[in-house]
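[1] Turn this into a model:
(chains A, B and C)
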Amino acid sequence: MPKLKRLPAKFYYQNTFKLARSLLGKFIVRKIGSKNLIGKIVETEAYYGPNDLASHASAGKTERTKIMFDKPGAAYIYLIYGMYYCFNIVTEAKDFPAAILIRALEPINFSKEANGPGKLCRALKIDKKLNGENLITSKKLYLAKNLKSTSTEALKERRQIKSAKRIGVDYAGKYKDKLWRFYLKNNPYISHK
DNA sequence: CCTGGGATTTTCT
DNA sequence: GAAAATCCCAGGA
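    From the prediction side, this is the model:
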């Protein structure tokens, strides 16, 4: 088990695309009762700004999407296809809508599959009750890094980052082919190749 | 390898 | 009333 340290507010205050890459190799900690479920992030997707047609925020600020306009470090969680929740991390300054969808985790101390945004939320028991949760202060859900990771290990992992088209957004016009999905090359837990 | 459909419900038009 | 940032299963090539 890696020794983990919660990521500070500062971590979330960086450009969305940089952050989407920085998140790879970091850990999600989900506390349920006295137990922690821990997974390593291996795949992310960026949704950026009011013009990105793949983003919910392109339709404007609504009851559902208002969290995307919040400050960095908020959790945006929504129900998709009537069955699955998706977990996102809000980025960019207040009132600029952007978020990063966490698409896949490598399970560290649990056995359920988490290779896909819906499966990930099912495995970590993330639902709408956690929508708007502040990841910087929350006791139930937060992000962390490996305290013992050396700089050479971190560098090695950085070199494993690949980018690709986002999944399931063929309707998004000129935004559908943006290479805004990021994943760790050769990691067996990513949702798509 | 690929394509298509069903499950299930919130959200927006 | 249709669509949706998904997943799983069946069937065809």
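
[2] can you give me the end-to-end distance of stretch A:89-102?
    8 Å (C-alpha to C-alpha, to the nearest Å).

[3] CA atoms of stretch A:28-40 as CSV?
    Only the C-alpha atoms of stretch A:28-40 are listed here, as CSV (Å, rounded to 0.1, in the frame of the first residue of the first chain):
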residue,chain,number,x,y,z
ILE,A,28,-8.7,8.7,-5.2
VAL,A,29,-9.6,8.0,-1.6
ARG,A,30,-13.2,7.1,-0.8
LYS,A,31,-13.9,6.8,2.9
ILE,A,32,-16.9,4.7,3.8
GLY,A,33,-17.3,4.3,7.5
SER,A,34,-13.9,3.4,8.8
LYS,A,35,-12.7,1.9,5.5
ASN,A,36,-10.9,3.6,2.7
LEU,A,37,-11.3,2.5,-0.9
ILE,A,38,-8.2,3.5,-2.9
GLY,A,39,-7.7,3.5,-6.6
LYS,A,40,-5.0,5.0,-8.9
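
[4] Following element in sequence after the least confident helix or strand in chain A by mean pLDDT, please.
    The weakest-scoring helix or strand in chain A, judged by mean pLDDT, DSSP states H and E, is helix A:151-158 (a mean of 84). Per DSSP states H and E, helix A:151-158 leads on to strand A:161-164 as the next helix or strand towards the C-terminus.

[5] wait, does the following helix or strand past that following strand contact DNA strand C?
    Using DSSP H and E, the helix or strand that follows strand A:161-164 in sequence is strand A:181-184. No - Strand A:181-184 lies out of reach of DNA strand C by C-beta under 7 Å from any atom of the strand, never closer than 10.4 Å. Placement of C-beta: from N, CA and C, glycine included.
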